[in-house]
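[1] Fold the following and give me the result.
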Amino acid sequence: MTATVSTSVAGSWIDGAPVVTGGGLYQVINPATGQPAADYAMATPADVDLAVASARAALPGWATATPADRSAVLAKLAALAGEHADDLVAEEVSQTGKPVRLATEFDVPGSVDNIDFFAGAARHLEGKATAEYSGDHTSSIRREAIGVVGTITPWNYPLQMAVWKVLPALAAGCTVVIKPCELTPLTTLTLARLASEAGLPGGVFNVVTGAGSDVGTALAGHPDVDLVTFTGSTAVGRKVMAAAAVHGHRVQLELGGKAPFVVFDDADLDAAIQGAVAGALINTGQDCTAATRAIVARELYDDFVAGVGEVMGKVVVGDPHDADTDLGPLISMAHREKVAAMVARAPGQGGRIVTGGSAPDRPGSFYRPTLIADVDERSEVYRDEIFGPVLTVRSFTDDDDALRQANDTEYGLAASAWTRDVYRAQRASREIKAGCVWINDHIPIISEMPHGGLGASGFGKDMSDYSLEEYLTIKHVMSDITGVADKGWHRTIFTKR
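    Numbers count the residues shown, from 1 in each chain. Presented below is the predicted three-dimensional model:
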């Protein structure tokens, strides 16, 4: 199949069809070249109203469809996504600048697998067994779709984040209005089109594109949305939660991270070095679970720093369409300036730049892999999310100190511990406060297991059966089995005279 990227697309998908909205033309910029990759018409708050109304109208039909019927549509969507994998890769690379190897081997196949997983999960929405807990009533549990879901997704993994949010909602019987980041809407729009081709009824899956300041705000605070889900920065997530709270709507948030990468003195040093580079540089470091704070035993510290610096120096920075490229650009020139400024301030805060720390002399928003050693525990680069190809390193004295440092953060999304000692590994997995703790690895995810954090990293889960709970309400149905008009408990309220 020939991979294609449309140069002009409708910016919204409402009620099962593409819609050219009136919010003005927006250009998607390829961050590897700085040149336009596509353009589209942005949505407006009025278009959000139309999309939500479409989702509300479609809800009764989709929510009452049999699990088998919903499953069949989602299975067809998984098949179509697999058939159009080349197109999805081309769109993802052009709008994000991520290396084609990452998009081909991780983003797109992982998304297809996730769709396939939820196609199966749609048939396993079971309630608690029926029983007579009170003696004279039968109690049962119904798990029902929460309703219309408004979801806002980021630019770092546009396709994956859309799938993580939309698919469990559809499997649960909800209808969806999604606002992808205005920088990267292409694969989300393609996903909506493929869903329609798979037989998804009009209005079940709607897309509105636009800026967070107007379209995102309108969706998060819309009175006719029952649940708002968001993936992005902690600061924006708090605004989304505040907007949803006005109407008392449920919220699920997956926010920032500052993952600790703890290397104990008995770790396989080569494995830790390789894992640190891979974990820090995935998606050019624009990953909320990326390894950003290496916390290394003093006995291994110098060798670890030297080894990571050597491996980082061999990483190929270049054209993301080239299969030999390891590291693509950051999402924009503005974001590169933010990353570069944080790195530039690091030496003044005690950090030592071992490698990188600058942008290569080439077009696009590229930045070299960067290792900063000897960072102070209070320094900006150690505490704040950089969201770039930057790894910071500190040492620790003993296990207590290592775990204290790992937990010395407001975030709690992901972490890893590197050790050959099973008891040490078990202690780290118990005591590190994070939604995911890897042992002797960092980054792998799987559809069957949940993703989500705590603290400033948000709450609730994506992926796995656990994520379905975000999109379901629990209803207790209690039926009298006595047929008696005069119930015994009535005497607590009134007595017959």
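[2] where does residue 282 sit relative to residue 127, distance-wise?
    Look at residue 282 and residue 127: by C-beta to C-beta, to the nearest Å, they are 39 Å apart. (Each C-beta comes from the backbone N, C-alpha and C, glycine too.)
[3] who's more crowded, these two?
    Neighbours per residue (other C-beta atoms under 10 Å) separate residue 282 from residue 127, with residue 282 holding more: 20 against 15.
[4] any idea how far the more buried one is from residue 162?
    Look at residue 282 and residue 162: by C-beta to C-beta, they are 19 Å apart.
[5] now residue 248
    26 Å.
[6] packing partners for the helix or strand hosting residue 159?
    Secondary structure assignment for residue 159, by DSSP states H and E: helix 158-172. On a contact count with 3 or more C-beta pairs under 8 Å, 6 or more residues apart in numbering; DSSP states H and E, helix 158-172 meets helix 67-83, helix 85-96, helix 108-121, strand 148-152, strand 175-179, helix 186-197, strand 227-231.
[7] residue contacts, the closest residue to residue 372 other than its chain neighbours?
    Spatial nearest neighbour of residue 372, excluding adjacent residues (C-beta to C-beta, 6 or more residues apart in numbering): residue 351 at 4.4 Å. The neighbours of residue 351, taking C-beta atoms under 8 Å, 6 or more residues apart in numbering as the test, are 372, 373, 374, 375, 376, 379, 381, 392.
[8] Next: residue 287.
    Residue 287 neighbours (C-beta under 8 Å, 6+ apart): 156, 157, 443.
[9] mind running it again at 6 Å?
    With contact set as C-beta atoms under 6 Å, 6 or more residues apart in numbering, residue 287 has no partners.
[10] Quick check: chain neighbours aside, which residue is closest to residue 241?
    residue 251 (5.0 Å).
[11] and that neighbour, what element?
    strand 250-254.
[12] Can you tell me the strand partners of that strand and which way each runs?
    strand 227-231 (parallel), strand 458-459 (antiparallel) (DSSP bridges).
[13] for the residue lying closest to residue 449 once chain neighbours are set aside, what are its contacts?
    In space, and not counting its chain neighbours, residue 449 is closest to residue 464: 5.3 Å by C-beta to C-beta, 6+ apart. Each residue near residue 464 by C-beta under 6 Å, 6+ apart is listed here: 448, 449, 450.
[14] For the stretch 1-150 of the chain, give me the ranges with low pLDDT.
    Applying pLDDT under 70 to the stretch 1-150 of the chain flags residues 1-7.
[15] Thought residue 319 was touching residue 328, still the case?
    No - using C-beta atoms under 6 Å, residue 328 is not in contact with residue 319; the gap is 8.3 Å.
[16] out of these two, which sits in the more crowded spot?
    Shown here are residue 328 and residue 319; by other C-beta under 10 Å, residue 328 has more neighbours (30 against 19).
[17] Return the residues in contact with the more buried one.
    97, 98, 99, 284, 320.
[18] where does the closest residue to it other than its chain neighbours fall, phi/psi-wise?
    In space, and not counting its chain neighbours, residue 328 is closest to residue 320: 3.9 Å by C-beta to C-beta, 6+ apart. Note on residue 320: backbone dihedrals following degrees, to the nearest 10 are phi -60, psi -20.
[19] Use 53 as the first number from now on
    Sounds good: first residue 53 from here, last item residue 372.
[20] count of residues packed around residue 372?
    The local packing of residue 372 (other C-beta under 10 Å) involves 28 other residues.
[21] chain center to the helix holding residue 211, what's the gap?
    Put simply, helix 210-224 sits 10 Å off its chain's centre (C-alpha atoms, centre = their mean, to the nearest Å).
[22] Mind listing what's buried along that helix?
    210-224 (16 or more other C-beta atoms under 10 Å).
[23] Same check on stretch 457-477?
    Buried residues in stretch 457-477 (16+ other C-beta under 10 Å): 457-458, 461, 463-471, 476-477.
[24] would you list these in a markdown table and tack on secondary structure and pLDDT?
    Formatted as a markdown table, the buried residues of stretch 457-477 follow (DSSP: H, G, I helix; E, B strand; the rest coil; pLDDT from 0 to 100):
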| residue | secondary structure | pLDDT |
| --- | --- | --- |
| 457 | helix | 98 |
| 458 | helix | 98 |
| 461 | coil | 97 |
| 463 | strand | 97 |
| 464 | strand | 97 |
| 465 | coil | 97 |
| 466 | strand | 98 |
| 467 | strand | 98 |
| 468 | strand | 98 |
| 469 | strand | 98 |
| 470 | strand | 98 |
| 471 | coil | 98 |
| 476 | helix | 98 |
| 477 | helix | 98 |
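[25] residues in contact with stretch 193-201?
    If you take C-beta under 6 Å, 6+ apart as the criterion, stretch 193-201 is touched by 107-108, 115, 177, 179-180, 221, 224-228, 277-279, 523-525, 527, 529.
[26] Can I have the buried ones of those residues as a ChimeraX selection?
    To isolate the buried ones among the contacts of stretch 193-201 in ChimeraX, judged by 16+ other C-beta under 10 Å, type:
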select :107,108,115,177,221,224,225,226,227,228,277,278,279,523,524
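[27] now residue 129, nearest residue through space, not along the chain?
    Leaving out its chain neighbours, the residue that sits closest to residue 129 by C-beta to C-beta, 6+ apart is residue 250, at 4.1 Å.
[28] residues touching that neighbour, list them.
    Neighbours of residue 250 in contact, by C-beta under 6 Å, 6+ apart: 125, 128, 129, 132.
[29] Kindly recompute the last result at 8 Å.
    125, 126, 128, 129, 131, 132.
[30] now residue 373
    84, 145, 152 are the contacts of residue 373 under C-beta under 8 Å, 6+ apart.
[31] in the helix or strand hosting residue 191, what's buried?
    For residue 191, the element it lies in under DSSP H and E is strand 189-197. The neighbour-count criterion (16+ other C-beta under 10 Å) identifies 195, 196, 197 as the buried residues of strand 189-197.
[32] Tell me the one of those residues nearest residue 376?
    Of all these, residue 197 has the smallest distance to residue 376: 46.4 Å, by C-beta to C-beta.
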